[in-house]
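K.L.:
Pasted the sequence and its predicted model underneath.
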Amino acid sequence: MKVFVTGGAGYIGSHTLVQLLTAGHEVCVFDNYCNSSPVALARVRQLTNRDMRVVEADICDADALTRGVTDFAPDAVIHFAGLKAVGESNDIPLRYYQTNVSGTMNLLGAMDAAGCRRIVFSSSATVYGEAHYLPFDENHPIAPTNPYGRTKAMAEGVIADWARATPDASAVLLRYFNPVGAHESGRIGEDPDGIPNNLMPFIAQVAIGRREKLAIFGDDYDTRDGTGERDYIHVVDLADAHLAALGYSGAAQGCEAINIGTGTGITVRELVAAYERTCGHPIPVEIGPRRPGDVASSYAATKKATNSLGWCAKFGIEDMCASSWRWQSGNPDGFGDAPHSS
């Protein structure tokens, strides 16, 4: 199958490329490297001994995107490209709407021009907002509490409307919970720009000595140990979910939202303890006040993923920490200034 992958050089995108290429698919990556590195693509080539087509451009450039899609003529699209920091989305909301919503519209227009009818979309559990009940299932009300979540919800709506209006269209909206970990080789992993927005890469940077300590925001929640509880999913499991969604999209029409998580919550303290066991030394922490908008617990109902995709998570929290530490300890500065062929 020919698969066009926006944002393929990013954290989740690069791990999905490994699975796609290993499975024998032909791939074209479309990325502007705004929060990624071409080094990741070089390492994917090494890991798979397979090549891919690459177009360096922005999804906000509708003409470049249309050229890229029509030239490649894909059977399906996986759409990762987008901005993803909740805090930053409060500061520059218009840029988030431009990239995440208008960029998605540009992509669907490019797909129409190329006659492509299958898309798997990188969405997020942030579309749910505050929990009315747990675990979150796909019927939970959509009420995001920040601009990032609202752009994901709007993009979902645009894709759903496109699918309804497009004969034979198939769209799968994968609502991720908390992707963590790295490829077993330690050659690709999460390499955030600046201060990490997510918990595990922050822990990893403390563990390797890049940061002094981890701030824990609140230890008085109604959880097992008072710290926030989240559903962490290994990035390789998440990559496999995309291949399963591609297969599903070939047999289904319309638009379906599907949660991707483990169905199990892990608290901040539990994650820190697991990482300490992995790296072999204590991780300094400092307890601070709760952050506005943070919820006590968030974890997925995963029955639909199992029933519809035939997929379920295989890796546990120890695997997630071990792979993260292998990546971080082998690449203390991430992809850094490594040459593109490294």
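P.N.:
Yes, it's here.

K.L.:
Remind me which helix or strand residue 248 belongs to.
P.N.:
If you go by DSSP states H and E, residue 248 is part of helix 235-249.

K.L.:
Tell me the helices and strands packed up against that helix.
P.N.:
Helices and strands touching helix 235-249, as assessed by 3 or more CB pairs under 8 Å, 6 or more residues apart in numbering; DSSP states H and E, comprise helix 11-22, strand 76-79, strand 118-124, strand 170-176, strand 178-180, strand 254-260. Using the backbone N, CA and C atoms, a C-beta is placed for each residue, glycine as well.

K.L.:
now the angle between strand 254-260 and that helix, please.
P.N.:
Angle, helix 235-249 to strand 254-260, by axes from the mean of the first three to the mean of the last three CA atoms, to 10 degrees: 160 degrees.

K.L.:
I'd like the distance from helix 235-249 to the chain centre, please.
P.N.:
In terms of CA atoms, centre = their mean, to the nearest Å, the centre of helix 235-249 is found 12 Å from the chain centre.

K.L.:
tell me the contacts of the closest residue to residue 306 other than its chain neighbours?
P.N.:
If the residues on either side of it in the chain are set aside, residue 306 comes closest to residue 312, at 5.2 Å by CB to CB, 6 or more residues apart in numbering. Residues in contact with residue 312, defined by CB atoms under 8 Å, 6 or more residues apart in numbering, are 302, 305-306.

K.L.:
Just among those, which is most surrounded?
P.N.:
Most neighbours among the contacts of residue 312, by other CB atoms under 10 Å: residue 305, with 25 neighbours.

K.L.:
Test my guess that that one contacts residue 262.
P.N.:
No. The criterion here is CB atoms under 8 Å, and residue 305 misses it with residue 262 at 10.3 Å.

K.L.:
Packing partners of the lowest-mean-pLDDT helix or strand in the chain?
P.N.:
Within the chain, no helix or strand scores below helix 86-91, which has a mean of 88 by mean pLDDT, DSSP states H and E. When contacts are defined as 3+ CB pairs under 8 Å, 6+ apart, helix 86-91 sits against helix 147-165.

K.L.:
What mean pLDDT does the helix it packs on get?
P.N.:
For helix 147-165, mean pLDDT rounds to 97.
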